[in-house]
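Colleague: Provided below are the primary sequence and the corresponding predicted coordinates.
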Amino acid sequence: MIPEKILWKIYAAALGTVTTIVSQKVVEGVWKFVTGDDDTPQPDDPEVSTTKALSWALASGIGIAGSQLLMHRFVNKRWMKFSSVNPITGKNLKDD
């Protein structure tokens, strides 16, 4: 049988992958809605203004990092309910 911790790591990785893909699509959709552009900018393109490139990098970074943070917190809380162990500190919550 596969140890519980490995199963939870697989669960977190799968959920993290889905979260990243969905959040990337959401950020692109919001960008297109807000700016009215048909496509998201390519920040490496010298024809794209520096302001637009930095704005896109900031928007995508905040959107994806924020969704990853929320996903990890969700998975960690589920792990704590399932195993009564804090996955970050390793502290057993039953000892309290």
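Modeller: Great, that's in hand.

Colleague: where does the closest residue to residue 85 other than its chain neighbours fall, phi/psi-wise?
Modeller: Excluding its sequence neighbours, the residue lying closest to residue 85 (Cβ to Cβ, 6 or more residues apart in numbering) is residue 92, at 5.5 Å. C-beta: built from backbone N, CA, C; applies to glycine. With angles defined as degrees, to the nearest 10, residue 92 sits at phi -80, psi 120.

Colleague: again, but for residue 85
Modeller: phi -130, psi 130.

Colleague: cool, and residue 65?
Modeller: Torsion angles, degrees, to the nearest 10, at residue 65: phi -70, psi -40.

Colleague: what's the neighbour count on it?
Modeller: 11 (other Cβ atoms under 10 Å).

Colleague: now residue 49
Modeller: If we define neighbours as other Cβ under 10 Å, then residue 49 has 11 of them.

Colleague: Can you name the residues that contact residue 34?
Modeller: Residue 34 makes no contacts at all, as judged by Cβ atoms under 8 Å, 6 or more residues apart in numbering.

Colleague: picking up where we left off before, double-check the residue nearest to residue 85 against residue 84; I have them as touching.
Modeller: Yes: at 6.4 Å, residue 92 counts as touching residue 84 under the criterion of Cβ atoms under 8 Å.

Colleague: Which parts of this structure are helices?
Modeller: 4-35, 50-83 (DSSP state H).

Colleague: Could I get the pLDDT score of the residue positioned nearest the centre of the chain?
Modeller: Nearest to the geometric centre of the chain sits residue 68, at 2.0 Å (Cα atoms, centre = their mean). For residue 68, the pLDDT comes out at 92.

Colleague: and it, what does it touch?
Modeller: So residue 68 contacts 16, 19, 20, 23 (Cβ under 8 Å, 6+ apart).

Colleague: Pull the number of nearby residues for the second one.
Modeller: Using other Cβ under 10 Å as the criterion, residue 19 is surrounded by 19 other residues.

Colleague: Tell me the confidence at it?
Modeller: Value for residue 19, per-residue pLDDT: 93.
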